[in-house]
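[1] Got a sequence here, can you build the structure:
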Amino acid sequence: METTSAPPRPTLDSQLIDYWIREAARLDTLAAEARFGWQRRRYLRKAQQARAQADRSATREATRSRGGPSAPEPSQS
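    Residues are numbered from 1 along each chain as shown. Take a look at the predicted model:
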């Protein structure tokens, strides 16, 4: 009987990368359709924050795939 290895399960960070990228795209769309300048600026700021979140998750995912430390990185609030 042959054993086949299951594909690796997606990590939380890989799921978060996808989520934050989709959220940034959604916020960009809302900014483009905003009626007032203050709304557009707020949506653009939120989209920028979402991209920063995706970058942080991508960094953690890259560290994990290289076999780096498994301890979570400290929160940068």
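[2] Give the rounded mean pLDDT of stretch 19-27.
    Averaging pLDDT along stretch 19-27 gives 98.
[3] Oh, that last question was meant for stretch 58-77, not what I typed.
    Stretch 58-77 comes out at a mean pLDDT of 74.
[4] At which residues are the helices of this protein located?
    12-33, 37-65 (DSSP state H).
[5] Nearest to residue 5 among the ones you listed would be which one?
    Nearest of the helices of the chain to residue 5, taken as Cβ to Cβ: helix 37-65 at 16.7 Å. Backbone N, C-alpha and C define where each C-beta goes, glycine included.
[6] List the buried residues in the closest one.
    Going by neighbour count (16 or more other Cβ atoms under 10 Å), the buried part of helix 37-65 is 43-44, 46-47, 50-51, 53-54, 56-58, 60-61.
[7] With stretch 16-29 instead?
    16-17, 20-21, 23-24, 27-28.
[8] on that earlier part again, let me have the buried residues of helix 37-65 in a markdown table, extended by distance to residue 37.
    Below are the buried residues of helix 37-65 laid out as a markdown table (distance: Cβ to Cβ, whole Å):
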| residue | distance to residue 37 |
| --- | --- |
| 43 | 11 |
| 44 | 10 |
| 46 | 15 |
| 47 | 15 |
| 50 | 20 |
| 51 | 21 |
| 53 | 25 |
| 54 | 26 |
| 56 | 29 |
| 57 | 31 |
| 58 | 31 |
| 60 | 35 |
| 61 | 36 |
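[9] With that, I have no additional questions.
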